[in-house]
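Undergrad: Sequence and predicted structure below; questions after.
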Amino acid sequence: MSLEQQKRLFPPIARLLNSHLKLRILFSHLFLFLLTFGLVLAITASFYLNSFSVIRLTTQFSHLTSPSSPPSIPSQLPPSLLSTSSSSSPPPVVHVGRIELKGYIDPDVIGHDMSDEELLLRASMVARAHKFPNKGTRKVAFMFLTKGPLVMAPLWEKFFRGNEGLYSIYVHAHPSFNETVPEDSVFFGRRIPSKEVKWGQLTMLDAERRLLANALLDLSNERFILLSESCIPLFNFTTIYSYLTNSTKTFISSYDDPGPTGLGRYSHGMSPHIKPEQWRKGSQWFEMDRPRAVEIISDRVYYPVFRRHCKSRRSCYVDEHYIPTFVSMRFSGRNSNRSLTWVDWSKSGPHPARYWRGRVTVELLERMRSGSVCEYNGEKTTTCFLFARKFLPNSLDRLLKFAPKVLRIH
Ligand SMILES: *[C@@H]1O[C@H](CO)[C@@H](O)[C@H](O)[C@H]1NC(C)=O
Ligand SMILES: *[C@@H]1O[C@H](CO)[C@@H](O)[C@H](O)[C@H]1NC(C)=O
Ligand SMILES: *[C@@H]1O[C@H](CO)[C@@H](O)[C@H](O)[C@H]1NC(C)=O
Ligand SMILES: *[C@@H]1O[C@H](CO)[C@@H](O)[C@H](O)[C@H]1NC(C)=O
């Protein structure tokens, strides 16, 4: 069966029939199907509706489903739906009962009260409705997935300063983290609504998808990079910006690891959607372009497979397998298969080496910047890593000291 066919099919009906509860789920799917069908009819009839009205209809639709029901939104809306909706008339301001919809695609408004489902749906619809390349500024989205404070903030402040308009920042911190950011900081007002994240679990992937969806709502974001609080930039903004915006490939680490921490984590329950030979491993710290980001937040085939599989395990290492596997199955031609974030796994164990104050030297930084060989746009280069981890808070003063001369960050 082709991927397209699989996507359009509903969950196997026979399995749903074996209990009363599951029967109810089936009815809710049928109900949703009829609703969607009605939605399609309504939209086809009113061809003049623009994308914003479509989103409003869909929002109302998603409100009809109870929060405890299974994933409520059917596979994907037919592309025709979106092409009829891309009219050129100016979007009317639509009230959805909370923030005006316009606010959701305003790059300066990132606080909202959408559920994850609404956010992902809205982001994928906004992104798909604007298929053509954005002609204005091209921005790079820096997405920080953190627990608490951004300890390397003073270095990042220097990095971003003077490059306003070329970047957007998004921070996903633990919901209980309540430290405030000074108003003159580049991180001020850049926190997105978040949920608790547990290492190795599905909540980690959910946070990544939340960051991507928020960043996709800003149509000028073209490249998307995931960072943590222990990451530092290895080059100045100009160098990183042109490296990313000129790249013909994405930078998502993805490789085949036949060992116990690779294929050993594969579950046969994932077949036939994911076969053992399709299983990949990779670093969580990705860099991708808009089309890849849209596919990841709209995936309704592989994400449910991982979710089902994760329920039965305390640690399913979803952050090391979901994106590497998905990208290798769907876009391997566009991916470099390497990460841009330096990390030292030379000591075995579940966590990589950490750099404290005493380990930060000019030699170390130079080695990270230009001590490797890789390919960039079809040519050999020694600029393979643009970021590095894991730096401990006490290394900050040394990093700031070396920043102007070594990293060329002033
Ligand atoms: C932040 O949270 C801590 C407990 O986690 C609490 O003691 C403190 O008062 C809170 N601070 C603010 C400014 O809300
Ligand atoms: C940025 O770094 C590059 C080398 O990495 C250097 O050639 C360039 O002059 C630097 N730009 C600034 C504004 O310092
Ligand atoms: C890369 O991008 C920058 C800015 O986006 C541009 O100035 C530069 O000419 C591009 N080409 C190369 C080969 O760096
Ligand atoms: C990346 O890996 C895939 C297999 O997953 C392969 O088909 C592709 O050629 C690789 N790309 C590069 C640039 O090595």
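TA: Looks like it came in fine. Keep in mind that this is a model prediction, so the values were computed, not measured. Ligands and ions are numbered 1, 2, ... in the order given.
Undergrad: From now on I want contacts and neighbour counts done on CA atoms only, so please keep to that.
TA: Fine.
Undergrad: quick one: terminal-to-terminal distance for stretch 171-191?
TA: 5 Å (CA to CA, to the nearest Å).
Undergrad: swap that for stretch 351-359, sorry
TA: Criterion CA to CA; first-to-last residue distance in stretch 351-359 is 17 Å.
Undergrad: Ok, stretch 382-390 next?
TA: Distance between the two ends of stretch 382-390: 21 Å, counting by CA to CA.
Undergrad: for stretch 159-168, same thing?
TA: Stretch 159-168 end-to-end distance (CA to CA) = 13 Å.
Undergrad: Please apply the same query to stretch 124-135.
TA: The first and last residues of stretch 124-135 sit 20 Å apart, counting by CA to CA.
Undergrad: Report the closest residue of the stretch 151-300 of the chain relative to ligand 3.
TA: residue 242 (4.0 Å; CA to the nearest ligand atom).
Undergrad: so that residue sits in a strand?
TA: No. Judged by DSSP: H, G, I helix; E, B strand; the rest coil, residue 242 forms no part of a strand; its state is helix.
Undergrad: For it, grab the count of nearby residues.
TA: The number of residues packed near residue 242 is 10, by other CA atoms under 10 Å.
Undergrad: where does the protein dip in pLDDT?
TA: 1-111, 131-134 (pLDDT under 70).
Undergrad: Return the residues of it in contact with ligand 4.
TA: The chain comes close to ligand 4 at residues 328, 332, 333, 335, 336, 337, as judged by CA under 6 Å from any ligand atom.
Undergrad: ok, so of the residues you listed, who is nearest ligand 3?
TA: Out of these, the member with the shortest distance to ligand 3 (by CA to the nearest ligand atom) is residue 336, at 17.8 Å.
Undergrad: separation between that closest one and residue 253?
TA: Look at residue 336 and residue 253: by CA to CA, they are 8 Å apart.
Undergrad: Over to residue 335?
TA: 8 Å.
Undergrad: and the two? which has more neighbours close in?
TA: Legend: neighbour count by other CA under 10 Å for residue 335 and residue 253, higher for residue 253 (27 against 20).
Undergrad: now what about stretch 332-349, what contacts it?
TA: 248-255, 283, 285-287, 327-328, 351-353, 368, 384-390 (CA atoms under 8 Å, 6 or more residues apart in numbering).
Undergrad: May I see the buried residues of that stretch?
TA: 332, 334, 335, 336, 337, 338, 339, 340, 341, 342, 343 (16 or more other CA atoms under 10 Å).
Undergrad: before we move on, what about stretch 280-300?
TA: Going by neighbour count (16+ other CA under 10 Å), the buried part of stretch 280-300 is 280-290, 292-294, 296-300.
Undergrad: In strands, which of these appear?
TA: Mapping the buried residues of stretch 280-300 onto strands (DSSP state E) picks out 287, 288, 289.
Undergrad: How about the contacts made by whichever residue of the stretch 101-250 of the chain sits closest to ligand 4?
TA: Taking CA to the nearest ligand atom, ligand 4 has its nearest neighbour within the stretch 101-250 of the chain at residue 249, 8.2 Å off. Counting by CA under 8 Å, 6+ apart, residue 249 makes contact with 334, 335, 336, 377.
Undergrad: please redo it, this time with the cut-off set to 6 Å
TA: By CA atoms under 6 Å, 6 or more residues apart in numbering, the residues touching residue 249 are 334, 335, 336.
Undergrad: Out of those residues, which comes closest to ligand 4?
TA: Taking CA to the nearest ligand atom as the measure, ligand 4 sits nearest to residue 336 out of those, at 4.2 Å.
Undergrad: Wasn't residue 156 part of a helix?
TA: Yes. Residue 156: assigned to a helix according to three-state DSSP.
Undergrad: Next up, phi/psi of the residue of the stretch 101-250 of the chain closest to ligand 4, please.
TA: phi -130, psi 160 (degrees, to the nearest 10).
Undergrad: hang on, the earlier thing: how far away is the residue of the stretch 151-300 of the chain closest to ligand 3 from residue 115?
TA: Counting by CA to CA - residue 242 and residue 115 are separated by 35 Å.
Undergrad: what does residue 397 give?
TA: Computed as CA to CA, the residue 397 to residue 115 distance reads 40 Å.
Undergrad: ok, now residue 147?
TA: From residue 147 to residue 115 the distance is 21 Å (CA to CA).
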